[in-house]
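**Q** Sharing a sequence plus its predicted fold:
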Amino acid sequence: MDHFLYRDGALHAEDVAIAEIAASVGTPFYVYSTATLTRHYKLFEEALSPLPHLICFAMKSCGNLSVVKTLGALGAGVDVVSVGEYLKAKAAGVPGERIVFSGVGKTRDEMRIALEGGIRQFNVESEPELFALSEVASSMGLTAPITIRVNPDVDAKTHEKIATGKKENKFGIPISRAREVYAEAARLKGIDVVGIDVHIGSQLVDLVPFEEAYLKVAELTRQLRADGHDIRRLDLGGGLGIPYERSNAAPPLPLDYGAVIKRTVGDLGCELEIEPGRLISGNAGLLVSKVIYVKSGEERDFLILDAAMNDLIRPSMYGAHHDIVPVVEPAPATLPQPYDIVGPVCETGDTFAKQRALPPMRAGDLVAFRSAGAYGAVMASEYNMRPLVPEVMVHGDQFAVIRARPTYDEMINRDSMAPWL
Ligand code: LLP
């Protein structure tokens, strides 16, 4: 459930009309609902209670300072994958002891900054990374708390570009080698092994792969404890999928996912962490855009929007579906008609949807892409010298610009002239 509903024929974000934001901010823009972010976070809280746990929001899905602060203030931790995200999480007021650091390519500089600023744990993905972290931490006279990310070789049954738990993927160490690598880690200076980490992929709409992976983690926990390791924390990753198409069957809910966690790893006496991104932020955001032209082609009609692939890359990158709805609610008897919905970028791949049914549209009409809060703004670029799309946050009847659209001067002045020119 989200808080983007039609009221008196007009799409609203909570109590604010989308058209009002468009008039004030211009289009395109992203808009996030505080109530929806909060609701989704709380669903995970309920799903894991009463087990000891920390929900670490994967800020790669939606990293705006205000979004991270909203969740942090509710008690969320944060999963970061770069020192940039780490610093931003801290700037949003999240303390180091609630930040976990994931990713296959952490550099020594990144490790140093996180150790200096305080970190809950590093999720270590390889032996070379383990050795580097040991060197960095011991040279600073510190001890780095770590989990080791294991690759359970489970098929997450999701898009191949976002599946991470198969043995051919670059992530984690093979679970078959885990005992050896944990033994190695226990011998290293500057390393405190606190637990195990696993993450098998994103947009999972089936709980079976989670169950398989978590059963393997439970078995490994028992083995590692028998080997003498004090395994006291399990990081179970993120990945729970969201309903992108309202017409399809709904994917499992956080409560169902929590039940899988409880029956697979709930009796181990471990503190649990999860790293959901998309389920918290995805349906908490819209991308709002304006129709520039309606163009009648020979075979089909095109809606040419002022948003493009650089603002929301998911359709062209993953063939992803986003529901696209008019901001003015169509009258009940309106006959929909098919449109190819495209952006202004000079690539055929700049297509959001083909033959999508919408009420008859005119230039100047507003449309909203649903489920755009995750992997939307964070993956945007300024391709074609298009200003980075701004972000707006709604809270009840208030709204605020939480990232302004850059001006063309700002964009041009970010470049500098080579001295010989
Ligand atoms: N933890 C780790 C280690 C991850 O790699 C990811 C996502 C998450 C947590 C959060 O997963 P979520 O709960 O959001 O599914 N750009 C792609 C998605 C990439 C996901 C990468 N890793 C998309 O637009 O679908």
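**A** It's in.

**Q** Pull the contacting residues for the closest residue to residue 38 other than its chain neighbours.
**A** Leaving aside its chain neighbours, residue 38 sits nearest to residue 74 (6.4 Å; criterion: C-beta to C-beta, 6 or more residues apart in numbering). Every C-beta, even on glycine, is put in place using the N, C-alpha and C of the backbone. If you count contacts by C-beta atoms under 8 Å, 6 or more residues apart in numbering, residue 74 has them with 38, 41, 42.

**Q** Could I get those residues in CSV, plus columns for secondary structure and pLDDT?
**A** Below are those laid out as CSV (DSSP: H, G, I helix; E, B strand; the rest coil; pLDDT from 0 to 100):
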residue, secondary structure, pLDDT
38, helix, 98
41, helix, 98
42, helix, 98
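
**Q** Out of those residues, which is nearest to the ligand?
**A** Checking the contacts of residue 74 against the ligand with C-beta to the nearest ligand atom, the nearest one is residue 41 at 12.5 Å.

**Q** which of the contacts of residue 74 are buried?
**A** Neighbour-count burial (16 or more other C-beta atoms under 10 Å) applied to these gives 38, 41.

**Q** wait, which of the contacts of residue 74 is closest to residue 307?
**A** Lowest distance from residue 307 to the contacts of residue 74 (C-beta to C-beta) belongs to residue 38, with 26.5 Å.

**Q** That closest one contacts residue 73, doesn't it?
**A** No: if you go by C-beta atoms under 8 Å, residue 38 and residue 73 don't touch, sitting 9.6 Å apart.

**Q** Could you restrict the contacts of residue 74 to the ones contacting the ligand?
**A** Here nothing survives when the contacts of residue 74 are matched to the ligand using C-beta under 6 Å from any ligand atom.

**Q** what does the stretch 51-200 of the chain put close to the ligand?
**A** Residues of the stretch 51-200 of the chain lying close to the ligand (C-beta under 6 Å from any ligand atom) are 58, 61, 79, 102, 162, 199.

**Q** how about 8 Å then?
**A** Within reach of the ligand by C-beta under 8 Å from any ligand atom, the stretch 51-200 of the chain has these residues: 58, 60-61, 79, 81, 102-103, 123, 149, 159, 161-162, 164, 171, 197, 199.

**Q** For the stretch 251-400 of the chain, which segments count as strands?
**A** Along the stretch 251-400 of the chain, the segments classed as strands by DSSP state E, counting those that start in this stretch run 271-274, 285-296, 301-305, 324-326, 337-342, 351-358, 366-369, 391-395, 398-403.

**Q** Let me have the ones you listed in a markdown table, adding mean neighbour count and mean pLDDT as columns.
**A** Converted to a markdown table, the strands of the stretch 251-400 of the chain look like this (neighbours: other C-beta atoms under 10 Å; pLDDT from 0 to 100):
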| stretch | mean neighbour count | mean pLDDT |
| --- | --- | --- |
| strand 271-274 | 22 | 98 |
| strand 285-296 | 21 | 98 |
| strand 301-305 | 20 | 97 |
| strand 324-326 | 20 | 98 |
| strand 337-342 | 20 | 97 |
| strand 351-358 | 17 | 97 |
| strand 366-369 | 24 | 98 |
| strand 391-395 | 24 | 98 |
| strand 398-403 | 16 | 98 |
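
**Q** Tell me which of these approaches the ligand most closely.
**A** Closest to the ligand of those, according to C-beta to the nearest ligand atom: strand 271-274, at 8.5 Å.

**Q** What is the neighbour count of the one residue in the stretch 301-421 of the chain that gets nearest to the ligand?
**A** For the stretch 301-421 of the chain and the ligand, the shortest gap (C-beta to the nearest ligand atom) falls at residue 375, measuring 3.1 Å. Residues contacting residue 375 under the criterion other C-beta atoms under 10 Å number 25.

**Q** before we move on, back to that, take the strands of the stretch 251-400 of the chain and lay them out in JSON lines including distance to residue 421.
**A** Output for those, formatted as JSON lines (distance: least, C-beta to C-beta, whole Å):
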{"stretch": "strand 271-274", "distance to residue 421": "51"}
{"stretch": "strand 285-296", "distance to residue 421": "35"}
{"stretch": "strand 301-305", "distance to residue 421": "36"}
{"stretch": "strand 324-326", "distance to residue 421": "44"}
{"stretch": "strand 337-342", "distance to residue 421": "36"}
{"stretch": "strand 351-358", "distance to residue 421": "37"}
{"stretch": "strand 366-369", "distance to residue 421": "40"}
{"stretch": "strand 391-395", "distance to residue 421": "35"}
{"stretch": "strand 398-403", "distance to residue 421": "32"}
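
**Q** Any chance of those in CSV with distance to the ligand as columns?
**A** As requested, the strands of the stretch 251-400 of the chain are exported to CSV (distance: least, C-beta to the nearest ligand atom, whole Å):
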stretch, distance to the ligand
strand 271-274, 8
strand 285-296, 12
strand 301-305, 19
strand 324-326, 17
strand 337-342, 18
strand 351-358, 14
strand 366-369, 13
strand 391-395, 17
strand 398-403, 19
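
**Q** Quick check: buried residues in stretch 52-65?
**A** Applying a neighbour-count criterion of 16+ other C-beta under 10 Å, one finds 53-65 buried in stretch 52-65.

**Q** between those residues, which is nearest residue 296?
**A** Taking C-beta to C-beta as the measure, residue 62 is the one of the buried residues of stretch 52-65 closest to residue 296, at 36.8 Å.

**Q** what's the closest one sitting at in phi/psi?
**A** When quoted as degrees, to the nearest 10, the phi and psi of residue 62 stand at phi -170, psi 100.

**Q** roughly how far apart are residue 55 and the ligand?
**A** Distance of residue 55 to the ligand, given as C-beta to the nearest ligand atom, to the nearest Å: 11 Å.

**Q** quick one: that residue and residue 279 touch, right?
**A** No: if you go by C-beta under 8 Å, residue 55 and residue 279 don't touch, sitting 10.4 Å apart.

**Q** and for the two, which residues touch both?
**A** residue 44.

**Q** For the residue lying closest to residue 96 once chain neighbours are set aside, give me its contacts.
**A** Excluding its sequence neighbours, the residue lying closest to residue 96 (C-beta to C-beta, 6+ apart) is residue 118, at 2.6 Å. Under the criterion of C-beta under 8 Å, 6+ apart, the neighbours of residue 118 are 95, 96, 97, 99.
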